[in-house]
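Undergrad: Structure of the sequence below:
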Amino acid sequence: MVGVRTILAVMLLVTLGGCALVKSAERPGLDVLNAAFAPERTFAGDLAESIDDEPVLTVWASARDDYAPFYSLAIAFRCHPSDTPGVSQCGYQARMLRTASTIEEGFDRSLLLFTQAEAAQSASDMRGHLDQADLQWLETDVGACPNGIFAMDSIRVADWNPDIHRGLREVEDRTLILHPAQIKVTMRGSYTRSTYKGWVLAHGVPAAVRNLVETLEPCWKPATSPRPWRRSGNIFVE
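TA: Residues are numbered from 1 along each chain as shown. Reported below is the predicted structural model:
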């Protein structure tokens, strides 16, 4: 049984490695698709060059392995002039790009986008596919959404530690998840930054992100700003 698990693990690593290898400059469609769902591009060109506007949270989640995007989510702290001269109005704004409302609905669409990206002959060709795709481009005021701020901050205090390595488990307790959907989360504080990458359905940080997405669900509205693949401004101000 150990041998079977080992073989499956090797097969999975080869598969994931192959997926990573095809993401190259020789396939411009993949570059466009990756950039479209890169949460760092969600506010590209919109954050002011000041000490006020800053990124807080970025999330990328896949529908399968690390090549079929499901959604990207970003939250930024932004300040705008208020009606009172010299006083700014600040808050947390969230934007999300996703293939569908649920991972089950978005799975086939994500695979279709990946197939189109592989076949695209140019970046312009792939942008056209994305324009025609029925993607959900959404935004909301986190502070105006019930429990929004609490759900966002719950990610900060979640368990960011890695799970126990399989080598430290008894053989009969080891498990293997084939083609696991992936999630990458980066959260910034005033002076620190933490990043998590792992299974989208795991406990800890992924669970806190799922709670945030569920909390924001009734508050989303169609975004009026340019979609990520049509943006040319600077990426997040650091």
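Undergrad: Give the pairing partners of the helix or strand hosting residue 97; include direction for each.
TA: In this structure, residue 97 is located in strand 88-98 according to DSSP states H and E. Within its sheet, strand 88-98 is paired with strand 68-81 (antiparallel), strand 136-141 (antiparallel), according to DSSP bridges.
Undergrad: I'd like the distance between the nearest residue in space to residue 181 that is not next to it in sequence and residue 115.
TA: If the residues on either side of it in the chain are set aside, residue 181 comes closest to residue 200, at 4.2 Å by CB to CB, 6 or more residues apart in numbering. For every residue, glycine as well, the C-beta is placed using N, CA and C. Counting by CB to CB, to the nearest Å, the gap between residue 200 and residue 115 amounts to 21 Å.
Undergrad: cool, and residue 37?
TA: As judged by CB to CB, residue 37 and residue 115 stand 15 Å apart.
Undergrad: neighbour count winner among the two?
TA: Set residue 37 next to residue 115 and count neighbours by other CB atoms under 10 Å: residue 37 wins out with 26 against 13.
Undergrad: Now for the more buried one: which residues touch it?
TA: 60, 69, 71, 72, 97, 228 (CB atoms under 8 Å, 6 or more residues apart in numbering).
Undergrad: re the thing from before, ranking the strands paired with strand 88-98 by burial, who's on top?
TA: Among the strands paired with strand 88-98, the stretch with the highest mean neighbour count (mean count of other CB atoms under 10 Å) is strand 68-81, at a mean of 21.
Undergrad: chain center to that strand, what's the gap?
TA: Its chain's average C-alpha position is 9 Å from that of strand 68-81, according to CA atoms, centre = their mean, to the nearest Å.
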